[in-house]
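In: just coords:
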RNA sequence: GCGCCCGUAGCUCAGCGGAUAGAGUGCCGGCCUGCGGAGCCGGAGGCCGCAGGUUCAAAUCCUGCCGGGCGCACCA
């Protein structure tokens, strides 16, 4: 049984006898180890009902709980209830973890539920930058986390391969094409200045010769058809580099063709939520407390990005997802509020859609590209970053901070193959254990059956602490998923490795008689959880490095 | 001006109602005849942006201010 449940159960059974049943029984880890292994603030929550000070309540409970076989000591300190666990209790925990194996940490709360995670969804106007890299890593890790909880997860990329931006891109390419023919044309206002269009321009100069001297309707069509697939290929290369793949790609055009835009518009109009002004159709958002009324249909009759996005979300709803999580950059806040409002007006449940909003990435020690812009051609391509620092470090660094914080990507640190680098610190713990196992096998010290071992030699402080830490893993997975906070998993793994390394440095594993198999079992548990955690992050857990 | 996010150790960041505020890195000082020293141990370092308020209890919640980021297009 998990430790939290154990403590909760013990408290609840005492409270039952007193005729009390609080809705929740908090169980925490005390801030200092001397205070105990686990603690509860339950006494604070019962003071009102019992009309006694917290310390009095705690003392009363402590007396009742002291006889519980799982605890060696239960103390009341300043209203807190502090528990010290018997080693045997922790040995039982370790045994259960080993029994669960790779299933350890999985949850049930998502069982039978379909979840869509939409992320990246960058326009095909250029390769992905490191900014998209954060989103790619975040979305992918969130998807992994929710899979752990039992959700059936679909990773989806929304592709906007039409509209004004693509037109500007095509014209920018055309300008590069003319340039290659020795007929320099300016890149259009608001166009794309990146170098990546230059070789394509040269290629098209070869292919077409002087066939398109003017930027006209025909050139527009041809260059658009040439440019989009090439941009997509670049994006796919970037995604592959960082190890992300999507289950579904949805194009803006698909949504329009399904008639969903028309339907959304009709329903919003029937509800009186839109109005016409200056030939355009606007959503009445201000009366619902939003800062502005956005345009849904331009005066030329075409739908705005927002309009299609709303229709896209109706589509997601129709497709039967129970929940949708969109990962988006901080520049989309307003749109998020507008989409949510529109969905509400369409009668879609409020909790159908959640946003994981993240701030931007800055590169430390990279003058000139600190402020990136795809249009201006000032960026670092994601694939180039991965080629430089590796997939593991890239993914890890991208999710090691909470999404809503700015991320300073320390290029030099990510590249370091030493333990200052947190990725290596965690991976190295895994590798070290693998190495000990190899040595144990070679010496014939590796136990046949880990599950039927005598774990009683595990009594050292780090040994018990390691088991305590292993016990937290399922909670960390749940918290990281529920709070869109993969960084909690990074922190946890660093912490686990941070207990293991000193232990390993101080305590010998092999050739220690009865202690050896028990310690190997403990290390097996540590290795298992490191492996599970790293896998969720999409980071390798190497046997050798 | 309006909206959202962020101000915690020199730096990068956890903690987001509870007990003496943590980690990594950097700095100072120790530890290499055994399973990977790609390591380990110890130390110094903080008005938790500022000011009020709520609470038995605030880094954490509320209000105002100050500083930084992002947005505020009939772009996406």
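Out: In hand now; what should we look at? Everything numeric here is computed off the predicted structure, so don't read it as measured data.
In: in stretch A:193-209, what counts as buried?
Out: Across stretch A:193-209, burial judged by 16 or more other C-beta atoms under 10 Å covers A:194, A:196, A:197, A:200, A:201, A:204, A:205. For every residue, glycine as well, the C-beta is placed using N, CA and C.
In: quick one: pLDDT of the third one?
Out: The model reports residue A:197 with a pLDDT of 94.
In: ok, the residue nearest to it when sequence neighbours are not counted - contacts?
Out: Leaving aside its sequence neighbours, residue A:197 sits nearest to residue A:176 (C-beta to C-beta, 6 or more residues apart in numbering; 4.6 Å). Residue A:176 makes contact with A:187, A:197, A:198, A:200, A:201, A:202, according to C-beta atoms under 8 Å, 6 or more residues apart in numbering.
In: and if you look at residue A:44?
Out: So residue A:44 contacts A:54, A:79 (C-beta under 8 Å, 6+ apart).
In: and the helix or strand harbouring it, how far from the chain's centre?
Out: Taking DSSP states H and E as the criterion, residue A:44 maps to helix A:42-50. From the chain centre to the centre of helix A:42-50 is a distance of 37 Å (C-alpha atoms, centre = their mean, to the nearest Å).
In: so which of the contacts of residue A:176 also contact RNA strand B?
Out: With the criterion set as C-beta under 7 Å from any atom of the strand, no member of those is near RNA strand B.
In: before we move on, what SS does residue A:154 have?
Out: Classification of residue A:154 by DSSP: H, G, I helix; E, B strand; the rest coil places it in strand.
In: I'd like the list of the contacts of residue A:176 that fall within helices, please.
Out: In helices, judged by DSSP state H, the following of those are found: A:197, A:198, A:200, A:201, A:202.
In: Count the residues that sit near residue A:49.
Out: Residue A:49: 10 surrounding residues under other C-beta atoms under 10 Å.
In: Return the residue spatially closest to it, with its sequence-adjacent residues excluded.
Out: Take residue A:49 and drop its neighbours on the chain: the residue closest to it by C-beta to C-beta, 6+ apart is residue A:20, 7.0 Å away.
In: Residue A:76 versus the one you found, what's the distance?
Out: 17 Å (C-beta to C-beta, to the nearest Å).
In: coming back round to it: closest to residue A:443 out of the contacts of residue A:176?
Out: Of all the contacts of residue A:176, residue A:443 sits closest to residue A:200, with 59.8 Å by C-beta to C-beta.
In: Do a quick rundown of the helices in the stretch 251-400 of chain A.
Out: A:252-257, A:260-270, A:305-318, A:333-345, A:382-389, A:391-399 (DSSP state H, counting those that start in this stretch).
In: ranking those helices by burial, who's on top?
Out: Comparing those by mean neighbour count (mean count of other C-beta atoms under 10 Å), helix A:391-399 comes out on top with a mean of 26.
In: Downstream of it, the next helix or strand is which one?
Out: Downstream of helix A:391-399 (by DSSP H and E), the next one is strand A:407-410.
In: buried set for that next one?
Out: For strand A:407-410, by 16+ other C-beta under 10 Å, it's A:407, A:409.
In: May I have the residues that are in contact with the residue in chain A positioned nearest to RNA strand B?
Out: At 2.2 Å from RNA strand B, residue A:419 is the closest residue in chain A, using C-beta to the nearest atom of the strand. Listed by C-beta under 8 Å, 6+ apart, the contact set of residue A:419 reads A:425, A:428.
In: Before we move on, what's the pLDDT of the residue nearest to residue A:49?
Out: Residue A:20 is assigned 87 on the pLDDT scale.
In: That one falls within a helix, correct?
Out: No: counting by three-state DSSP, residue A:20 falls outside a helix, being coil.
In: ok, it touching residue A:45?
Out: No: between residue A:20 and residue A:45 there is no contact under C-beta atoms under 8 Å: 10.0 Å.
In: Quick check: residues of the stretch 1-150 of chain A near RNA strand B?
Out: Within the stretch 1-150 of chain A, the positions adjacent to RNA strand B are A:28, A:30-32, A:34-36, A:39, A:41, A:44-45, A:54, A:77-80, A:82, A:123 by C-beta under 7 Å from any atom of the strand.
In: what's the spacing between residue A:116 and residue A:361?
Out: Here the distance between residue A:116 and residue A:361 works out to 25 Å (C-beta to C-beta).
In: What of residue A:505?
Out: Separation of residue A:505 from residue A:361 (C-beta to C-beta) stands at 35 Å.
In: Which one's more surrounded, these two?
Out: Shown here are residue A:505 and residue A:361; by other C-beta under 10 Å, residue A:361 has more neighbours (24 against 7).
In: ok, what's across the strand from the more buried one?
Out: residue A:407 (DSSP bridges).
In: Provide a list of residues in contact with it.
Out: Residue A:361 sits next to A:130, A:131, A:133, A:134, A:398, A:406, A:407, A:408, A:409 when contact means C-beta under 8 Å, 6+ apart.
In: Of the buried residues of stretch A:193-209, which one scores lowest on pLDDT?
Out: For the buried residues of stretch A:193-209, the pLDDT minimum is residue A:194, 88.
In: Could you double-check that it sits in contact with residue A:169?
Out: No: applying C-beta under 8 Å, one finds residue A:194 not in contact with residue A:169, separated by 9.8 Å.
In: any shared contact partners between those two?
Out: residue A:126.
In: Touching, residue A:15 and residue A:23? I think so.
Out: No: with contact defined as C-beta under 8 Å, residue A:15 does not reach residue A:23; the gap is 11.6 Å.
In: Name the nearest residue to the most far-flung residue of chain A relative to its centre, ignoring sequence neighbours.
Out: Ranked by distance from the centre of chain A (C-alpha atoms, centre = their mean), the top residue is residue A:210, with 48.8 Å. What sits nearest to residue A:210 in space, not counting adjacent residues and going by C-beta to C-beta, 6+ apart, is residue A:181, at 6.3 Å.
In: tally of neighbours for that neighbour?
Out: For residue A:181, the count of nearby residues is 19 (other C-beta under 10 Å).
In: so who does it touch?
Out: Neighbours of residue A:181 in contact, by C-beta under 8 Å, 6+ apart: A:205, A:209, A:210.
In: How much space separates the last one from residue A:170?
Out: According to C-beta to C-beta, residue A:210 stands 18 Å off from residue A:170.
In: which residues does residue A:466 contact?
Out: Contacts of residue A:466 (C-beta under 8 Å, 6+ apart): A:496, A:499, A:500, A:503, A:522, A:525, A:526.
In: Quick check: which element contains the residue nearest to the last one when sequence neighbours are not counted?
Out: Setting aside the residues directly before and after it, residue A:526 is nearest to residue A:500 in space (C-beta to C-beta, 6+ apart), at 5.6 Å. Using DSSP H and E, residue A:500 falls within helix A:487-506.
In: pLDDT weak spots in chain A?
Out: Applying pLDDT under 70 to chain A picks out residues A:365-378.
In: Mind splitting it into its structural domains?
Out: A:3-85, A:419-537 (automatic domain parsing).
In: Would you mind giving those domains as JSON lines with distance to residue A:91 added?
Out: Converted to JSON lines, those look like this (distance: least, C-beta to C-beta, whole Å):
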{"stretch": "domain A:3-85", "distance to residue A:91": "10"}
{"stretch": "domain A:419-537", "distance to residue A:91": "4"}
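In: Kindly provide the distance from the closest residue to residue A:342 other than its chain neighbours to residue A:35.
Out: Nearest non-adjacent residue to residue A:342, counting by C-beta to C-beta, 6+ apart: residue A:310, 4.4 Å away. According to C-beta to C-beta, residue A:310 stands 53 Å off from residue A:35.
In: now residue A:324
Out: 43 Å.
In: Contact partners for residue A:151?
Out: For residue A:151, the contacting residues are A:110, A:113, A:114, A:115, A:323, by C-beta under 8 Å, 6+ apart.
In: quick one, phi/psi of the residue lying closest to the second one once chain neighbours are set aside?
Out: Beyond its immediate neighbours in the sequence, the residue positioned closest to residue A:113 (C-beta to C-beta, 6+ apart) is residue A:322, lying 4.4 Å away. Geometry field for residue A:322 lists phi and psi as phi -80, psi -30, criterion degrees, to the nearest 10.
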